[in-house]
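Undergrad: I'll drop the sequence and a predicted model, then ask my questions.
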Amino acid sequence: MSKVKHFEHQEVKAFKLGHAYWGKPLIWVHVYWLDGLLIDSGQRKMQKHLLALLKDLPVQQIALTHHHEDHSGNIKALQQYYQVPVWAGDKTRQLVASGFKIKNYQKFVFGNMPPTDQLLPLPDQITTDKYQLSPIFTPGHAQDHYAFYEAQQGWLFSGDLYLGKIKYIRQDENVPQMIASIKKVLQYDFDVLFCAHHPRLTNGKQHMRHKLQYLEDLSGKIHQLHAQGNGIQQIIKKLHRKEIRLGKLITSNDIGVDYLVRSILKDKALHEQT
């Protein structure tokens, strides 16, 4: 069962794509189009729907925020259909070209990730007839993550930098890097936050500030509890959170509250604690 929603904000068209085997999609993914530029490509299980949505729109170039399969899953099909430049960061190009491995749960939710080469390095500016977008390196959620900023319009295409108040993370995410990347984008003037999962069409910068404050407050509390001699599980309990046991099982131990705590502490010795 696949579901599609869409909206327009100013001259940006947003396609909200979700695949589900029953009920509502577990995760919605947004793909954005403006003036011939497509930002991200959505999940492979929504390929035919995305191509149908784009059939009456000119697609002259594509830019990827990062390699994750819900962002790059349709790049090969789009590349073959449109034969246009696909811009991506160095690490993103390497990962996508290699056909990076994904876990079974990712295939179940998003679909396979076919290897795709011939992607091009990100330019200093991605230019359309009307707009200029500046790539901003924003690692944390992924080591290859970029956001795209349109200064004249005050738009930030933030990929997965925002996401809201996260309760857990994947084991390869880095919360201190997220904090640094959010501080970096907050130096820019924007109001619209085109997030890949939770867009904020007004007061986008304030929403990003709230995300920063949340992570900084959480980090401070975790460091305080650690200084008091608490281990990972004790910290989780004193934060009044619970580990998502079913989630760990389903994702082959890929996500967890403990990864959030460990990333903030950046202390390898604690990885051995229970």
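TA: Nice, I can see it.

Undergrad: please make it C-alpha for all contacts and neighbour counts, starting now.
TA: OK.

Undergrad: secondary structure class for residue 32?
TA: With DSSP: H, G, I helix; E, B strand; the rest coil as the basis, residue 32 sits in strand.

Undergrad: I figured it hits residue 9, correct?
TA: No. Between residue 32 and residue 9 there is no contact under Cα atoms under 8 Å: 10.4 Å.

Undergrad: between those two, who's got more neighbours?
TA: Taking other Cα atoms under 10 Å, residue 32 and residue 9 do not tie; residue 32 has more neighbours (22 against 10).

Undergrad: with adjacent residues omitted, what lies nearest to the more buried one?
TA: residue 14 (4.6 Å; Cα to Cα, 6 or more residues apart in numbering).

Undergrad: what is the neighbour count of the one you found?
TA: Neighbour tally, residue 14, other Cα under 10 Å: 22.

Undergrad: and for the one 3 residues further on?
TA: Residue 17 has 25 neighbouring residues, counting by other Cα under 10 Å.

Undergrad: cool, and residue 237?
TA: By other Cα under 10 Å, 11 other residues sit near residue 237.

Undergrad: and it, how close does it get to residue 203?
TA: Using Cα to Cα, to the nearest Å, residue 237 is found at 34 Å from residue 203.

Undergrad: same deal with residue 210?
TA: Residue 210 sits 11 Å away from residue 203, going by Cα to Cα.

Undergrad: and residue 136, helix, strand or coil?
TA: For residue 136, the assignment made with three-state DSSP gives strand.

Undergrad: tell me what it is bridged to.
TA: residue 147 (DSSP bridges).

Undergrad: OK, contacts around it?
TA: 146, 147, 148, 149, 185 (Cα atoms under 8 Å, 6 or more residues apart in numbering).

Undergrad: cool, and residue 9?
TA: Counting by Cα under 8 Å, 6+ apart, residue 9 has contacts residue 201.

Undergrad: that one bridge partners, please.
TA: Counting by DSSP bridges, residue 9 is bridged to residue 12.

Undergrad: per-residue confidence for it?
TA: Per-residue pLDDT puts residue 9 at 96.

Undergrad: next one: residue 112
TA: pLDDT at residue 112 comes out at 85.

Undergrad: what sits closest to it if chain neighbours are left out?
TA: residue 44 (6.5 Å).

Undergrad: how much space separates the one you found from residue 18?
TA: Remark: distance between residue 44 and residue 18 (Cα to Cα) = 11 Å.

Undergrad: between those two, which one's more packed in?
TA: Taking other Cα under 10 Å, residue 44 and residue 18 do not tie; residue 44 has more neighbours (26 against 23).

Undergrad: for that one, what are its contacts?
TA: 69, 70, 73, 74, 110, 111, 112, 113.

Undergrad: so the spatially most central residue of the chain versus residue 237, what's the distance?
TA: Compute the mean C-alpha point of the chain, and by Cα atoms, centre = their mean the closest residue is residue 160, 2.4 Å away. Distance, residue 160 to residue 237, by Cα to Cα: 27 Å.

Undergrad: just residue 219 next, same as before
TA: Distance, residue 219 to residue 237, by Cα to Cα: 15 Å.

Undergrad: ditto for residue 75
TA: 42 Å.

Undergrad: measure the nearest residue to residue 167 once chain neighbours are set aside to residue 219 for me?
TA: Among residues not flanking residue 167 along the chain, residue 257 sits closest, at 6.6 Å (Cα to Cα, 6+ apart). For residue 257, the distance to residue 219 equals 13 Å [Cα to Cα].
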